[in-house]
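Engineer: Pasting the sequence and the predicted coordinates here, then a few questions.
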Amino acid sequence: MLICPVCNGIIDYIGICPNCKSQMKVQDRVETYFDEYAQNLEQNLLENSKQVCSHYCYCENCGKTTTVKIEKIQE
C-alpha cells in the first residue's frame, strides 16, 4: 500500500516561495478544502492519482499559495 509521507508525519516537506524565497508552510491535503467530510474518508478514495498526494503550501511572508504533489511511498 502506498502512503503519503507528509500526511503520515514521516517527513517534513519544506517548500520555498517562488515570489519571495521564504519558507512556505505545508497545509492540509487539497481535498479537505473542497469537501467538509473529506477528512473522514480514506485517503485512497480521495486521490485522483494513487501515486501522489496534493497539498497546499502557504507563504506567511507574502501570502502566496501553491499546490505541491508529494510522491507516495510504500508502507
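Structural biologist: Alright, I've got the coordinates. Numbering: from 1, shown residues only.

Engineer: in the sheet, who's paired with Val68?
Structural biologist: According to DSSP bridges, the residues that bridge with Val68 are His55.

Engineer: what's around Val6, how many residues?
Structural biologist: Val6: 18 surrounding residues under other CB atoms under 10 Å. For the C-beta atoms, the positions are set from N, CA and C on the backbone; glycine is no exception.

Engineer: which stretch of helix or strand covers it?
Structural biologist: Under the criterion DSSP states H and E, no helix or strand holds Val6.

Engineer: how about the strands in this structure?
Structural biologist: Counting by DSSP state E, one finds strands in the chain at the ranges 2-3, 15-16, 23-29, 52-58, 65-71, 73-74.

Engineer: Quick check: mean pLDDT of the last one?
Structural biologist: Per-residue pLDDT values over strand 73-74 give a mean of 92.

Engineer: Next: the first one.
Structural biologist: Within the predicted structure, the mean pLDDT of strand 2-3 is 91.

Engineer: again, but for the fourth one
Structural biologist: Along strand 52-58, the predicted confidence averages to a pLDDT of 91.

Engineer: ok, the residue nearest the centre of the chain to Leu2 distance?
Structural biologist: The residue at the geometric middle of the chain, judged as the C-alpha nearest the mean C-alpha position with CA atoms, centre = their mean, is His55 (1.9 Å). In this structure, His55 and Leu2 are separated by 15 Å, where distance is defined by CB to CB, to the nearest Å.

Engineer: again with Glu71
Structural biologist: 9 Å.

Engineer: these two touch, right, the residue nearest to the centre of the chain and Tyr33?
Structural biologist: No: taking CB atoms under 8 Å as the definition, His55 is not a contact partner of Tyr33, at 10.4 Å.

Engineer: highest average neighbour count across the strands of the chain?
Structural biologist: Mean neighbour counts were taken over the strands of the chain using mean count of other CB atoms under 10 Å, and the top value, a mean of 19, falls to strand 52-58.
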